[in-house]
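Participant: any chance you could fold what I've pasted below:
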Amino acid sequence: MSLEAIWRNIYTIEFSQNLYDDLVSPGNEVILQALDNATSAIDHSQPGKNRIFQYGQSQDTIACFDPKYYAESRFSKGDFGVFYGALDEATSIAEIMDMHYRRFRTNMANAKEETVIVDRKMFVCHLSGQNCTDIRPLIKTFPDLIADSHDFCHSVGDIAKSTRLDFLVTKSVRRPEGECVAAFNADCILGEKYQYYFRLVYKKNSNPEAFKVSKIDLL
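Facilitator: Residues are numbered from 1 along each chain as shown. Down below sits the predicted model:
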């Protein structure tokens, strides 16, 4: 089975760290910074928020298969990695927006800060595998496949991992019209390409919003 245009977004950071604070005494960092600026092929005359688009493509969304990045997700209890993406851009954004909203809303009710900002990086790729399955037809029989609780999906993920499934196709939990994929094998993820940065903004008394930070429009 092959699927084109699979969308996945990951955490990112926008602000650079000070790479020279432990190399020279305070006040002399500007000398090394000027040398770096002159040799980095980055246009430092542009505002910092725009320079991120000069660094080219990154190939890092499959880091989820590295044991040090294992985390609980829809199809894993956290004991193995799963590449979770969407068949369209809007669903990818909706999934992550809802996940953060659920995580933040309790804390935000008691927080002093009025706004929480999360920066994300969007990628697109295609999948190709020999051992794949489409579980969308099973949802009527097993409605817990799209339940808020992921206990049932965790058991599905365990089976998929033990049977060496490349990937499965399913409905989105967070966007009714959306569809998602869960890949259990990094080798089936092909042609991964960075698309743009975007920012999620959560406020106490309003719905969360997504804003682009690059030149490509969000759907």
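
Participant: the closest residue in space to R175 that isn't next to it in sequence sits in which helix or strand?
Facilitator: Spatial nearest neighbour of R175, excluding adjacent residues (Cβ to Cβ, 6 or more residues apart in numbering): A94 at 4.1 Å. (C-beta placed from N, C-alpha, C; glycine too.) Here A94 sits within helix 89-110, counting by DSSP states H and E.

Participant: same question for L3.
Facilitator: strand 2-11.

Participant: sketch out the low-pLDDT regions of this structure for me.
Facilitator: Scanning the chain for pLDDT under 70 picks out 13-60, 106-114, 214-219.

Participant: which residues of it fall in strands?
Facilitator: 2-11, 83-86, 115-128, 132-134, 167-171, 179-183, 189-203, 209-212 (DSSP state E).

Participant: Serialize those strands to JSON lines and add fields for mean neighbour count and distance to K77.
Facilitator: Converted to JSON lines, these look like this (neighbours: other Cβ atoms under 10 Å; distance: least, Cβ to Cβ, whole Å):
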{"stretch": "strand 2-11", "mean neighbour count": "17", "distance to K77": "20"}
{"stretch": "strand 83-86", "mean neighbour count": "24", "distance to K77": "14"}
{"stretch": "strand 115-128", "mean neighbour count": "18", "distance to K77": "23"}
{"stretch": "strand 132-134", "mean neighbour count": "16", "distance to K77": "20"}
{"stretch": "strand 167-171", "mean neighbour count": "21", "distance to K77": "17"}
{"stretch": "strand 179-183", "mean neighbour count": "23", "distance to K77": "13"}
{"stretch": "strand 189-203", "mean neighbour count": "17", "distance to K77": "22"}
{"stretch": "strand 209-212", "mean neighbour count": "13", "distance to K77": "29"}
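
Participant: which residues are contacting the helix holding A94?
Facilitator: The set of residues external to helix 89-110 that reach it, using Cβ atoms under 8 Å, 6 or more residues apart in numbering, is 7-9, 84-86, 116, 118, 120, 122, 124, 172-175, 177-180, 198, 200, 202, 204, 208, 210, 218-219.

Participant: export that helix as CSV, just CAs?
Facilitator: Provided in CSV are the C-alpha atoms of helix 89-110 (Å, rounded to 0.1, in the frame of the first residue of the first chain):
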residue,chain,number,x,y,z
GLU,A,89,-2.9,19.2,6.5
ALA,A,90,-5.9,20.5,8.4
THR,A,91,-6.3,17.3,10.3
SER,A,92,-2.6,17.3,11.3
ILE,A,93,-3.1,20.7,12.8
ALA,A,94,-6.4,19.9,14.5
GLU,A,95,-5.0,16.8,16.1
ILE,A,96,-2.1,18.6,17.8
MET,A,97,-4.1,21.6,18.6
ASP,A,98,-6.6,19.5,20.5
MET,A,99,-3.9,17.5,22.3
HIS,A,100,-2.2,20.6,23.7
TYR,A,101,-5.6,22.2,24.6
ARG,A,102,-6.5,19.2,26.7
ARG,A,103,-3.1,19.3,28.3
PHE,A,104,-3.2,23.0,29.1
ARG,A,105,-6.8,23.8,29.9
THR,A,106,-6.7,22.6,33.6
ASN,A,107,-3.4,24.4,34.3
MET,A,108,-4.4,27.5,32.5
ALA,A,109,-7.5,27.9,34.6
ASN,A,110,-5.2,28.6,37.6
